[in-house]
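**Student:** Coordinates only, no sequence provided:
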């Protein structure tokens, strides 16, 4: 495991020698001591990225493409090591970790292909007096900030398009999960990405030192995945220097079960939408709106399915649900469930933690009221909170009654489900399926769930600026 900062092509400790503990949330054991980045270290990372920017931007797209493809190949060969790191520092189950490892490496393969397909434009002006040439060029030094819930995929989903576009980077992973990010960075070093092109820092205190980097004139792009609250603060920081910002923020995804839905497919999809990554996903189904005609049977089937979920340490490959990232996160989930029960909800299953460590059992609540605290809050845990509805128009109104708009799910007869999907205020909608994420698809939200898109052909455009040349 790499436990140092990576600046200008070298692994090195922080300039003051301090370190923080990286903890395995399944048993609270300390598994590593990671270097703390000081303000001087953060500025050194910006300096290194700025010094490397011109040469990296001038590198042939094919060369950048082949480096990304080589990184994909290494991650494919080392996929179990990749997954094990995530299990140890994040707590997720082995199946979730392997799924993320497979998803994460695909961003390197996808953007290896996009690197050589950046579009431009060339046309005659309407007046006929010139040719209009539109070129796209790298935006420049990019600061990439990633969360703890998907420590691999969020790193590659930002690094891959930035590098493909010709931007140098500074990666700031979550303090809970630096080891996975450091491994990804080391893979890029091993395949030959030039010095200064990728840097990694873990600053403490985080907020002031991130702002110090954003304030540097060399930094021209911020890409952030995390909470809406922190995203707002970062947007304010970006405004001072007019830094381009891409934001993938919080969610509060509704899952609507329409009358006539196939309950076999619905329960299967609902389990994926809720339990993937233990519910710690911004795309996780958070608010279940189930039509009265199917409510009782849906609850019975979900209860039975959740009863089959094995809870325990992720390195035990027989477990389906690992630990949450910390005891603090577990306690937040428990507080939401306890509050829902106090407000009148009924615990059908779970509602407690049956294992030592940061575990919380798969939980099913009924009698939840629309607009209640648990209904308005991104749970980030394995809790299915069901609201009964009678009228489809009312279900759509409740689904849209939120400041968030990242993800939504609809289960029902295809034509009816598609009609509802078009009415939902979300950047992504899954119809009769529990997962939508794909490197080839544009990922992002509307309203206070974010700005811009990641993945797809749109993802690389976030790291490119247009230049118009009159010829």
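**Tutor:** Okay, I see it. Computed from a predicted model, the values in this text were never measured in an experiment.
**Student:** In the stretch 251-400 of the chain, where is pLDDT below threshold?
**Tutor:** Applying pLDDT under 70 to the stretch 251-400 of the chain flags residues 354-355.
**Student:** So which residues of it form helices?
**Tutor:** Listed in chain order, the helices of the stretch 251-400 of the chain (DSSP state H, counting those that start in this stretch) span 263-275, 292-306, 327-342, 373-376, 392-400.
**Student:** Using CSV, lay out these together with mean neighbour count and distance to residue 419.
**Tutor:** C-betas here are computed from N, CA, C, even on glycine. What follows is those, written out as CSV (neighbours: other Cβ atoms under 10 Å; distance: least, Cβ to Cβ, whole Å):
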stretch, mean neighbour count, distance to residue 419
helix 263-275, 20, 17
helix 292-306, 17, 18
helix 327-342, 17, 31
helix 373-376, 19, 24
helix 392-400, 17, 9
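**Student:** so which of those helices gets nearest residue 88?
**Tutor:** Closest to residue 88 of these, according to Cβ to Cβ: helix 327-342, at 16.2 Å.
**Student:** on that earlier part again, in TSV: the helices of the stretch 251-400 of the chain, plus distance to residue 12.
**Tutor:** Output for the helices of the stretch 251-400 of the chain, formatted as TSV (distance: least, Cβ to Cβ, whole Å):
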stretch	distance to residue 12
helix 263-275	40
helix 292-306	47
helix 327-342	30
helix 373-376	45
helix 392-400	49
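**Student:** between those, which one is nearest to residue 212?
**Tutor:** The stretch from the helices of the stretch 251-400 of the chain with the least distance to residue 212 (Cβ to Cβ) is helix 327-342; that distance is 26.7 Å.
**Student:** what about that closest one, distance to the chain center?
**Tutor:** Centroid displacement of helix 327-342 relative to its chain, using Cα atoms, centre = their mean, to the nearest Å, is 23 Å.
**Student:** same for it, what does it pack against?
**Tutor:** Under the contact criterion of 3 or more Cβ pairs under 8 Å, 6 or more residues apart in numbering; DSSP states H and E, helix 327-342 touches strand 363-366, helix 373-376, strand 383-389.
**Student:** cutoff 10 Å now
**Tutor:** Applying 3 or more Cβ pairs under 10 Å, 6 or more residues apart in numbering; DSSP states H and E, one finds that helix 327-342 contacts strand 346-349, strand 363-366, helix 373-376, strand 383-389.
**Student:** List of residues touching the third one?
**Tutor:** Among residues not part of helix 373-376, those counted as contacts by Cβ atoms under 10 Å, 6 or more residues apart in numbering are 252, 254, 286-289, 333, 335-343, 345, 365, 368-370, 383, 385, 387, 398, 401-404.
**Student:** which one of the helices of the stretch 251-400 of the chain lies closest to residue 48?
**Tutor:** Per Cβ to Cβ, nearest to residue 48 of the helices of the stretch 251-400 of the chain: helix 327-342, 33.6 Å.
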